[in-house]
Structure formats: structure tokens, C-alpha cells
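Got a sequence here, can you build the structure:
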Amino acid sequence: MDAMQISFGIVLLLILLALAFDFMNGFHDSANSIATVVSTGVLKPQAAVLFAAFFNFVAYFLFPLKVAATIGKGTIDPSIVDHYVIFGALVGAIAWNLITWYFGIPSSSSHALIGGLSGAAVAKAGTDGVIASGLIKIASFIVLSPLLGFLFGSLLMVLVGWIFFKTSTKKVDKYFRKLQLVSAALYSLGHGGNDAQKTAGIIWMLLIAATASGTVLPHWMQADKDHFPTWVVIACYVTISLGTMFGGWRIVKTMGQKITKLKPVGGFCAETGGAITLFLATSMGIPVSTTHTITGAIVGVGSTNRMSAVRWGVAGTIVWAWVLTIPASAAIAAVAWWVGRMIL
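The predicted structure follows:
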């Protein structure tokens, strides 16, 4: 840990910047939990975002803080963390989120944050600053989370097809318009449970660094590797829920209609398949991309109809955004770390 004491004002500034990223995460990724329920007409956009925001926050009561611990202790060497590293990481992640939001590309806020942390850490300490095992585990789920979403989404679609083989299309649509509310709630729980903890992990790292550097903090703000302040977690869940309430309608359109046309039964299978994947990853403490997961599930559902039902050109553009996210956000973060050294 750097010997330089971090001023209290800088700590507050970086907490606000982290919460800004958390808000943007909800804003940017709200489409992941509500795109299908909006595109199938089950809920109006305004009702859908309130619905998703509520379940984003409820996730606080259901999931242990394993993902936050992975971010706080399992991605970069805690001994190199200081306010410059945190600043660089957050600026890199926020900048990439803004770029992809502007162009309506559903990239991953999670991997933008991982890229930001990695870029800032390498800028400060070289490759020794990153924890290879942690990054490998996270990187593996860049591939596994959409594949699992694809697998669960397609299997559920096939299973539903068998169960309702003799049921009229009208009745199936009626049943699944109601059931899709359940699946959207489950996915929103998974979104909140995995994504809010990532920002909490960042703030935890900052408070540990500030406490260790001798910054005079109120007792309730002090932290160490064995003490995770409850207020941090609550603040992050509230903030991501507020971000979800404002929503990102450009990305809703891409996720809900441009990849494949969905009916309520398809929306239910995609959301449920994605939710299963998120619940598994969160229970293992692995920060995954809700964007990757739901995209894989939507593609899986579409492919059970016929492969031509999936607009592979759109899906390919999204995959390119996935590939670029970590290196792009890392590069921006490295520059931001250098700028932070001059202005903070």
C-alpha cells in the first residue's frame, strides 16, 4: 500500500465516482432484465423499469458478498491499490460504458470494470499488479456465461415445446405472458445480486487503502480486509436500482428485437435460462456479464426455432464489443491513471 495519505475529500470524490459507475451500470444494463418483457408487450417500459429496479434491490437480502470479495481481493494485488488506481479503473469503465451506450451496443459493464482495474494496475505496477488466477477465472466466464445462457435458454424452450405440444398458441401466449413476470423478476434478482456487488468491491478496496494510509475517516467508513461496511453494500444496491429505473432504451431495442423476434414463451425461457446462469455464477463469487448471459439465452431461444431466426450479423457486432471491452477499458484506465497522478 502506498505510504502517501489519501485526503478525505479524495475518498469522498472517488466514492461518488464509484456510485456514478454503479448508477450507469443499472442504466446501461437495465435492458438485460427488461428487454424481453418489453419487446413481447407484457409490460410497458415505464412499468418494466420500476419492476426491475425493485427486484434489483431485493437481491441485497438474498446473496452473500462473494462477488464483492472477488473484486476486492481477487483481481489485482491489494497492496498496490491507491486512489490513483481506483480513479483510473473507474474512469476507464465509465468511459467505455458511455461509448457503447451512445452507439446502442450491449457491452459488459462488468468486464469494463475488470478491464479498468487491470489497466490501472498494470500502469502502476506492471503485470505483477494483476492476480492471474482471478482474471483467468473471470475471463473464462466471458465464454461460459453466454454458452450457459444459450444452453439453458434453448433447453427450456425445447422442454416447454414438449409440454405444451398440444396446447393452442393462444393459450400458450396467455400462460407465458403471466409467467414472464416471474422470469423477469428472477433475472432482475440475478442482475442486482451480481452487478451491485462489483461496485461495492471497488469502494471496499478504496476504504481499505484509505484506512491503511492513515486517512482520518469516521468509524463507520473505516474498513479492512475482514470488515465489509454494510452501508457500502446498501448504497450500491440502491444506486443500481435507481439506474435501472432510468433505463437505457437504445439497448432495449437491440436486445429485445434486433437479435431475434420473441414471443412471451421465448422471453420466459431466455430470462429464466439467464437467471439460472447468474444465480450459479453469483453463488460461486464470479462476476459475470449480465449482457453476455441474456444475449446467449436469447440466441439459444431463437435458434430452437430455426437458425435463420437469429440475426447473426447483430449478434456478431455484439461479440466484437465483448472482445474489445476489456482491452479498450484497460487502455483508457491506464491513461486515466497517468492523468490522475497529475490532478489528484
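
Work out the gap between stretch 176-190 and the centre of the chain.
18 Å (C-alpha atoms, centre = their mean, to the nearest Å).

Run through the helices of this protein in chain order.
Under the criterion DSSP state H, helices of the chain are mapped to 8-39, 45-58, 66-73, 83-102, 109-125, 132-163, 169-213, 230-246, 249-253, 264-283, 290-305, 312-343.

Let me know the angle separating the second one from helix 8-39.
Just to be clear, that refers to helix 45-58. Relative orientation of helix 45-58 and helix 8-39, computed by axes from the mean of the first three to the mean of the last three C-alpha atoms, to 10 degrees: 130 degrees.

Between the helices of the chain, which one is closest to residue 223.
helix 169-213 (3.8 Å; C-beta to C-beta). (Glycine included, C-beta is placed from N, CA and C.)

what is the rounded mean pLDDT of the closest one?
For helix 169-213, the mean per-residue pLDDT is 90.

And for stretch 80-87?
Mean pLDDT, stretch 80-87: 94.

contact partners of it?
For stretch 80-87, contacts defined as C-beta atoms under 8 Å, 6 or more residues apart in numbering pick out 1-2, 4, 6, 10-11, 14, 17-18, 76, 117, 120-121, 124-125, 129, 202, 205-206, 208-210, 213, 336-337, 340-341, 344.

Can you turn the buried subset of the residues you listed into a selection I can paste into PyMOL?
Provided next is the PyMOL selection string for whichever of the contacts of stretch 80-87 are buried by 16 or more other C-beta atoms under 10 Å:
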select buried, resi 2+6+10+11+14+17+18+76+117+120+121+124+129+202+205+206+208+209+210+213+336+337+340+344
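
In terms of mean pLDDT, which of the helices of the chain ranks lowest?
Looking at these, the bottom one is helix 249-253 with a mean of 52.

Please put the alpha-carbon coordinates of stretch 75-88 into PDB.
Output of stretch 75-88 as PDB, limited to C-alpha atoms (Å, rounded to 0.1, in the frame of the first residue of the first chain):
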ATOM      1  CA  THR A  75      -8.500  -9.300  -9.400                       C
ATOM      2  CA  ILE A  76      -5.500  -7.100  -8.600                       C
ATOM      3  CA  ASP A  77      -2.900  -7.100  -5.900                       C
ATOM      4  CA  PRO A  78      -4.500  -5.300  -2.900                       C
ATOM      5  CA  SER A  79      -1.100  -3.900  -1.900                       C
ATOM      6  CA  ILE A  80      -0.800  -1.700  -4.900                       C
ATOM      7  CA  VAL A  81      -4.300  -0.200  -4.600                       C
ATOM      8  CA  ASP A  82      -4.400   3.600  -4.000                       C
ATOM      9  CA  HIS A  83      -6.600   6.400  -5.100                       C
ATOM     10  CA  TYR A  84      -4.900   6.700  -8.500                       C
ATOM     11  CA  VAL A  85      -5.600   3.100  -9.300                       C
ATOM     12  CA  ILE A  86      -9.300   3.400  -8.200                       C
ATOM     13  CA  PHE A  87      -9.600   6.600 -10.200                       C
ATOM     14  CA  GLY A  88      -8.100   5.100 -13.400                       C
END
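
Please point out which parts of it sit buried.
For stretch 75-88, by 16+ other C-beta under 10 Å, it's 75-76, 78, 80-88.

before we move on, what about stretch 148-168?
148-154, 156-157, 160.

Between those residues, which sits nearest residue 168?
residue 160 (14.2 Å).

That closest one and residue 301: what is the separation?
Remark: distance between residue 160 and residue 301 (C-beta to C-beta, to the nearest Å) = 10 Å.

Ok, residue 228 next?
37 Å.

for residue 243, same thing?
Following C-beta to C-beta, the distance that separates residue 243 from residue 301 is 26 Å.

In terms of neighbours, single out the busier of the two.
More neighbours surround residue 301 than the other of residue 243 and residue 301, with 33 against 28 (other C-beta atoms under 10 Å).
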